[in-house]
Structures are given as C-alpha cells and as structure tokens.
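Enquirer: predicted model follows, preceded by the sequence.
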There are 2 protein chains.
Amino acid sequence: MANPYVKQYLMTAGPTPLPPVVSQAMAQPMLYHRAPAFVEMYARVLERLKAVFGTAGDVLVFASSGSGAMESAVANLVRPGEPALVASCGKFGERWVELCDAYGARTVNFETAWGRRIDAAELASQLAANSGVEVVFTTLSETSTGVVNDARELADAAHRHGALIVVDAVSGLGAVPCPQDEWDIDVLVAGSQKALMAPPGLGFASPNAGALERAAAKPGGRYYFDWQRTVDGQRKDPPDSPFTPAVGLVQALDVALGLIAEEGLENVYERHRLLGAATRAAARALELELLGGADEGANVVTAVRLPDSIDGAKVPKLMRDRFGVTIAGGQGRLKGKIARIAHCGYFGAFDIVVTISALEMTLRELGHDAEPGTGVAAAQQVFIEAGVPVGA
Amino acid sequence: MANPYVKQYLMTAGPTPLPPVVSQAMAQPMLYHRAPAFVEMYARVLERLKAVFGTAGDVLVFASSGSGAMESAVANLVRPGEPALVASCGKFGERWVELCDAYGARTVNFETAWGRRIDAAELASQLAANSGVEVVFTTLSETSTGVVNDARELADAAHRHGALIVVDAVSGLGAVPCPQDEWDIDVLVAGSQKALMAPPGLGFASPNAGALERAAAKPGGRYYFDWQRTVDGQRKDPPDSPFTPAVGLVQALDVALGLIAEEGLENVYERHRLLGAATRAAARALELELLGGADEGANVVTAVRLPDSIDGAKVPKLMRDRFGVTIAGGQGRLKGKIARIAHCGYFGAFDIVVTISALEMTLRELGHDAEPGTGVAAAQQVFIEAGVPVGA
C-alpha cells in the first residue's frame, strides 16, 4: 500500500491532470450518441473547439490519440512519390518524418538542432532549394524540448513558396496563442489531453478550404481519418460523427472547454505565461541550463539540462517514487540528460512550487549541491510580482 | 428540465450502459501512462483481453472506435489491385466493402440478404469462383439486423480456400462465444463499448501469426494502425503503447474486464442467451416478425419488423421521449422498418421487462393493437423457467 500522504502531482505534458469537474463528467451515465442529450453537447463542443482553434472552419474530431490526428493530415495531404517537407526540431517533428515516409512521400527533413527554434528564413531557403514541395509539416510546441516555434512566421514562409502548412499543436493549443485563421495556418492538429484539460483519446484536425481541396483531389488510401467523411457528418444539422464517438471523452471535453471559455482564452494564455516564467526563474536560480525553453514564449513545457555530475535518468524516478511528483525525463537523444516539467492545462502556482521543491530535494539527494528553497523563492517572486493568485 | 422520474434506459447496441463501478473508474485522477500504476493496469488489461478473445496471441489496443480497428485489418492486409472478398449481410458488412474499396482492393462483395445468416457453403462457392482471394472479411454479430453468423464455419470455408479470415466481432465479442484460437480465426476486431461494458473509444484487433506475416510482407501506407508498431510496444516488458493510450478508458476497461472475469465467460454467454430468448419470446407473443434474430444464437441485438400499419420511424422517438427507453431504429435500407433492442453488455432481466413494456405502450399509442403485458409475460416466462435472477 502506497503512503497516502505522499500526495500525487502529475506534471507531465500529457496526459495532464484533470479538473475534478472534468473527471466527474465521465462518471455520468452513458448516452446514446444519436440521442438529443448527446447531439446538443456535440454541437456545443464543435463550436467551442472553433473558438480555441481561432477558426471559423471545421475542427474535426476523431476518436484517436493526437498522433492519429497527425496521421489524418498526412493521409489526406501526402501523395506517394511526391516531396513533402518536414521542419522538425525534436521527437515530435520526427513523427512527421515517420508518417510522411509511411505514406510514401519523398520526405525532406529540414532538421533544426533539438532545443532550438526553427528559423523561418532557413525554412524559406529550404523550400527554395526543394521547389516541388507542396506541403510543409511542422510543430508549434515541441514537447520533447520545450521549444515553441513561431508558427505565424513559418506559415508565411510556406505560403510565399506556395505550399500548405500543417502545424502540430498537440501540446501547444490552448497554452500559447496560435489563432489559425489570423495566422493563416492551413491545418492545426491537436489532442484532448494537454492544455485542453481532458483525458487522452480525442484527436483534432482543422483543415481549411485549401487543405480540404487538396485532400479531395487525391481520394483513397484512408477511411477512418478521411477528412471529407468527417466534415460531411459534422456539417449536418444536427452534427453527426461517421463513427461512434468517444461519448465519455466528449462529455469531459465539453466541461473542460466550458472552463476555458469561462476563464477567457487571453487569461488562459497569461496564466501559462506566468507558469512558464516562474519555472524558468526557478531553473535559473538553481543554475540549471534551460533547453530551448529559455525563450519567453516557451510556456508549455520547461526542459532543463541536468548536471553532468549526477545520473539524470534517476531524477524523474526519485521525484516520483519518493516525493509523488511525476515529471518526464528526456526522449530519444535526450534520454537521461534532461528533466521536463509540464505546465500546460490544469496548473496553478503551487503546482510549480511543489515541483521545484521536489526537484531541489531530489538533486541534493543525488549529490548535486542545490540550496533548498532557492528555486522555489525565484518562482514565488514571479508570482508575487504578477499578483497572486494565478488564474482569472 | 426533463422529468427526473422518466428514468433513462439505454438499450442501444453501442454505446451500451456502463456498470456504475466502471463509470466511477474514470472519475479517478489521471495517470501518467509510463508510471507504474498505469503500466501494471495496462499489462493486466492486455492479459484479460486475451481471455475474452480466446487467444494466446496479441490483442492490440488502439485509441479509436471499432471502425478504426476494422480499418487496421484492411490497412494491414489488403493490397491495392488485389482481390478481397467481403461476406456481408448488413450495414456493418458494407463497411468492410467501403474500407476495402478505400484501400484499393478489387473488392468482391458476396452479399447475403439483410436479416439472413451467411451460408458457409455459399461462401465456399464464392471463393471457388474467385480464385485469387487471399483475405475474407466478415461479421460475427451484424448489429444492423441482429443476425449472428457462424464464424467457425465461415473460417473453415476461408481456410479450405487458403485465405485468411477477419471477423468483425465489435458487437458480438463477450456476448456470444467466438473463441479465436479454438475456431482458428485469423483476426478478430472489436470495440470497448458493446458487450465489454466500457465507454466507446478503444478498438481491438488480434492478428495471429499468419496475419502478422502477411502484414509484414507489405509495409507502408499505414502508421497509427500499423499492427507491428503496436505489437512491438505491447510485447515489451512492461508493455508499452506507441502512442499516448486513452488512459481513462483503459481504467474503465480494466474494471469492466474484472467484472467479466468474476462472472465467468460461460456465465456471461448464458446471461446473454437468456436475454435474447426472453426478447424473442416477447416479440413472438406480440406477433412481431423477428428479423434474423429468430435464430437461437442471435443473443446480441433483437431486431423486430414493425407493423406496416404504423409509422415505424416514430417508434424509437416515442419510446425515448415519452418513456425514457432508448432503442435504435433501422439503418440504411431498413430505416423506419424495424426496431432494434440491444442486450449485449450490462443488461439484466428487468431491462428487457422495461423495454418490452415501453414497446407495448408505444405500439398501442401509434394505433397498433397490442394487448398490454402480453410481451412482458412471455419474457418473464423465459426468466422464470431459467431460474431468476439472471446473472451469476
């Protein structure tokens, strides 16, 4: 039996913790997906999603993980034998490469060093050097490094070249601004389990008219993730889903999107900005190098490089097993080298205080000289200056 | 405000009602999918699924609807330009046809009249007449008509021809016997939201060695639903999922599979047999023609043809709006002509009593002469003879 007083704090970038009203929504009796009670909720969810995506177009809902929504973009836009350019800077950028390869594209991987932002001018050069590219795939918030790219600049570069751009906003959407229509992004893909504060299992894609047109020009090779099939269902009055929707997850998402609407998107972004700033301030006070996340806009996940003097792989394990605080370590080439603290979704000031406190105690226990309270004090200072409590 | 005393009864074949302990499982705090608490649960769920599938092989879990699991079979087994045979007898059989077409197969649709079972000898003739067919797709329980096919005989016919067989067991698995290894079925696909008593959002596929081998021989054109990718994850120790699993749904499924294990699969099947027999007895007493479901093995969904003298489309609406009992009407070519009462999953004797009672009152209200209590009495008689309560 686990010690019940080692309370559990979930600080990973997906799944993220659920507000209790969201978890409770799933304890409600099951609804038939064609009964009015569900259909009304579904219509409301689709409208609320448009507000978060910043689009007047369709936000398509799939029963899938965020990777399924990414696959929908590749299955609908990539044509076997034709080039596709991926602008990547981490593990989730690499997923675009794997997906494009699986669908038979001649994939051009324009890779930026992990921990750095993608440069729009370099993307433009890459596109100039690869004149046949008609679709660019990139990442808003690279969860593996904490980097948040400037999706607006990248979209401009793609459009100047005449290409469509698809942006993986799985961890970024609802944490940092990325208004689709205003920034002229052709497709955003996202998932339910990050800043949207719902459980994992729903994927979203928001193809604009140009993206739908390209998809229509090359049908086949897809069914479950075919955009037009879902567009046709969702545009009915009342909206319908071509396959049985994940009713319980939609119920949860409805409540979570209601919380976001109540807080107001601008306040949601400001809260994330503060959580990010406080976490970075704590890392600096502890003299831990910030990976990518040093950028002031990197308010989704903070990745810190762990001291060479300790065994980095032990940090997440010790934090979880002894202190009940679950953070993520590094993925792929960063395995064992970094610690990632998520602050996208249902997070307040004291989640950061607890996590930094546990990190300080963990580093000391592993032999790294960290003065207790140094990081916590720096985080508190950020919150104090902004006026507490955090959250509107 | 809806009248709270018009209590709600969900009698559709997916989503089906959840046992309260299953819904409550989803109200638990979110877990990180790589933390021991989830990983242990995941391993247990994978083992328990094998028991329900009747296989020693892998049961692959996807965050998707049941149709996603069906697509996985087509994406992994169908080769563009090559023939694939679909043995269909209803709307979900037609989904196989649409899927095979989408993936570029030369699809042969061997169609049996809706409401009839597929004949194994006829399937053998069809295969003899289409010698290039290497994969057969068919349906265990055709939810649109209530028909339950003899998957063992159909598998034999396919194997005598040297073809693999994929069986859509989405609504049938866990309601009627279909032991994969014993009946030598190459792939079963299923979903979480029918007899497995969990919410919609999880799809399952259980390719045997031969099916995995065929998939490996033609890689590409798939990623999210690629079997080998998920096999590789699930065979790790501890098992892993290549994409963020739908944590809350897995938590719910774990509890639901625990209930099934506790009741015992044979008892689960016997309970479904009684529910089906009672519903058919009620329909006969009310002189309503049984569609396909007349068969003694059709214990998943009972479909009755509605009297020509009434507007059949009104039946489900009136039953729901006035009496709180949600059943399904007909789909496709059976729209407005039939009523479908599901009894797969979390159902007991009095769910049938309530539904038949509401059906009797509805038919009378629409002008059909049904003696109140006739159907209910016949259903009760079945339960009395079997010894009540139903359920072990």
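Expert: Arrived safely, thanks for sending.
Enquirer: mind listing the helices for the stretch 51-200 of chain A?
Expert: A:66-77, A:91-102, A:120-129, A:151-160, A:180-183 (DSSP state H, counting those that start in this stretch).
Enquirer: now, of those, which is deepest in the fold?
Expert: Highest mean neighbour count among the helices of the stretch 51-200 of chain A (mean count of other Cβ atoms under 10 Å in any protein chain shown): helix A:66-77, with a mean of 27. For the C-beta atoms, the positions are set from N, CA and C on the backbone; glycine is no exception.
Enquirer: return the distance of that helix from the chain's centre.
Expert: 15 Å (Cα atoms, centre = their mean, to the nearest Å).
Enquirer: from residue A:358, how far out is residue A:370?
Expert: To residue A:358, residue A:370 is 12 Å away according to Cβ to Cβ, to the nearest Å.
Enquirer: ignore what I typed, I meant residue A:207.
Expert: When residue A:207 is compared with residue A:358 (using Cβ to Cβ), they lie 42 Å apart.
Enquirer: tell me which of those two has more neighbours.
Expert: Ranked by neighbour count (other Cβ atoms under 10 Å in any protein chain shown), residue A:207 and residue A:358 place residue A:207 first, with 29 against 21.
Enquirer: rewinding a little: I'd like the helices of the stretch 51-200 of chain A laid out as a markdown table, including mean pLDDT.
Expert: A markdown table is the format used below for the helices of the stretch 51-200 of chain A (pLDDT from 0 to 100):
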| stretch | mean pLDDT |
| --- | --- |
| helix A:66-77 | 98 |
| helix A:91-102 | 98 |
| helix A:120-129 | 98 |
| helix A:151-160 | 98 |
| helix A:180-183 | 98 |
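Enquirer: how about those in TSV, adding distance to residue B:82?
Expert: Formatted as TSV, the helices of the stretch 51-200 of chain A follow (distance: least, Cβ to Cβ, whole Å):
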stretch	distance to residue B:82
helix A:66-77	20
helix A:91-102	20
helix A:120-129	38
helix A:151-160	38
helix A:180-183	40
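Enquirer: quick one, which of those is nearest to residue A:52?
Expert: Across these, residue A:52 has its closest neighbour in helix A:180-183 (9.7 Å, Cβ to Cβ).
Enquirer: so which residues make contact with the closest one?
Expert: Applying Cβ atoms under 8 Å, 6 or more residues apart in numbering or on different chains, the contact partners of helix A:180-183 are A:53-57, A:151-152, A:155, A:188, A:206, A:208.
Enquirer: the residues you listed, buried ones only, as a ChimeraX selection?
Expert: Applied in ChimeraX, the following selects the buried portion of the contacts of helix A:180-183 according to 16 or more other Cβ atoms under 10 Å in any protein chain shown:
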select /A:53,54,55,57,151,152,155,188,206,208
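Enquirer: mind listing which of the contacts of helix A:180-183 are in strands?
Expert: Of the contacts of helix A:180-183, the ones assigned to strands by DSSP state E are residue A:188.
Enquirer: out of the contacts of helix A:180-183, who's nearest residue B:33?
Expert: Using Cβ to Cβ, residue A:188 is the member of the contacts of helix A:180-183 that lies nearest residue B:33, at 23.7 Å.
Enquirer: so who does the closest one touch?
Expert: Contacts for residue A:188 (Cβ under 8 Å, 6+ apart) come out as A:53, A:55, A:140, A:166-167, A:169, A:173, A:178, A:180, A:204-206.
Enquirer: looking at those, which is nearest residue A:89?
Expert: residue A:140 (11.1 Å).
Enquirer: now the closest one. Nearest residue, chain neighbours left out?
Expert: Leaving aside its chain neighbours, residue A:140 sits nearest to residue A:172 (3.8 Å; criterion: Cβ to Cβ, 6 or more residues apart in numbering or on different chains).
Enquirer: now the residue most central in space within chain A: how far from chain B?
Expert: Centre of chain A computed as the mean C-alpha position; nearest residue by Cα atoms, centre = their mean is residue A:171, 0.7 Å away. Separation of residue A:171 from chain B (Cβ to the nearest Cβ, to the nearest Å) stands at 11 Å.
Enquirer: I figured that residue was touching residue A:194, is that so?
Expert: Yes: the criterion here is Cβ atoms under 8 Å, and residue A:171 meets it with residue A:194 at 4.5 Å.
Enquirer: just to revisit the earlier point, residue contacts, the residue nearest to the centre of chain A?
Expert: A:13-14, A:140-141, A:143, A:194-195, A:300-301, A:342, A:344.
Enquirer: which two in the residues you listed are spaced the farthest apart?
Expert: Distance extremes for those: the farthest pair is A:140 and A:342 at 14.9 Å, using Cβ to Cβ.
Enquirer: neighbour count winner among those two?
Expert: Under the criterion of other Cβ under 10 Å, the comparison of residue A:140 against residue A:342 puts residue A:342 first, with 31 against 27.
Enquirer: and the residue found closest to that one once you drop the neighbours it is linked to in the chain, what pLDDT?
Expert: Once flanking residues are discounted, residue A:342 sits nearest to residue A:13: 3.6 Å by Cβ to Cβ, 6+ apart. Per-residue pLDDT puts residue A:13 at 86.
Enquirer: near residue A:13, how many other residues are there?
Expert: By other Cβ under 10 Å, 28 other residues sit near residue A:13.
Enquirer: my read is it is in a helix, agree?
Expert: No: counting by DSSP: H, G, I helix; E, B strand; the rest coil, residue A:13 is located in no helix; its state is coil.
Enquirer: can you pull out the low-pLDDT segments for chain A?
Expert: A:1, A:293, A:388, A:392 (pLDDT under 70).
Enquirer: tell me which residues in stretch A:208-219 are buried?
Expert: Buried residues in stretch A:208-219, defined by neighbour count with 16+ other Cβ under 10 Å: A:208, A:211-212, A:214-215.
Enquirer: re the thing from before, run through the residues that contact the residue nearest to residue A:342.
Expert: Counted by Cβ under 8 Å, 6+ apart, residue A:13 has contacts A:143, A:171, A:194, A:300-301, A:328, A:340, A:342, A:344.
Enquirer: neighbour-wise, give me the winner out of the residues you listed.
Expert: Most neighbours among the contacts of residue A:13, by other Cβ under 10 Å: residue A:301, with 33 neighbours.
Enquirer: surely that residue and residue A:146 touch.
Expert: Yes: at 4.5 Å, residue A:301 counts as touching residue A:146 under the criterion of Cβ under 8 Å.
Enquirer: residue A:46 against residue A:239, yeah?
Expert: Yes: with contact defined as Cβ under 8 Å, residue A:46 reaches residue A:239; the gap is 5.8 Å.
Enquirer: could you point out which element follows the lengthiest helix in chain A?
Expert: Counting by DSSP state H, the longest helix found in chain A is helix A:265-285. The helix or strand immediately downstream of helix A:265-285 is strand A:290-291, counting by DSSP states H and E.
Enquirer: who does that next one pair up with?
Expert: strand A:301-305 (antiparallel) (DSSP bridges).
Enquirer: what residues of whichever helix or strand comes after the strand it pairs with count as buried?
Expert: Next along the chain after strand A:301-305, taking DSSP H and E as the criterion, comes helix A:314-323. By neighbour count on 16+ other Cβ under 10 Å, the buried set for helix A:314-323 is A:314-316, A:318-320, A:323.
Enquirer: before we move on, what about stretch A:229-242?
Expert: Counting neighbours by 16+ other Cβ under 10 Å, one finds that the buried residues in stretch A:229-242 are A:229-231, A:233-234, A:239-242.
Enquirer: which residues are in contact with it?
Expert: Applying Cβ under 8 Å, 6+ apart, the external contacts of stretch A:229-242 come out as A:33-34, A:39-40, A:42-43, A:46, A:58, A:60-62, A:212, A:223, B:67.
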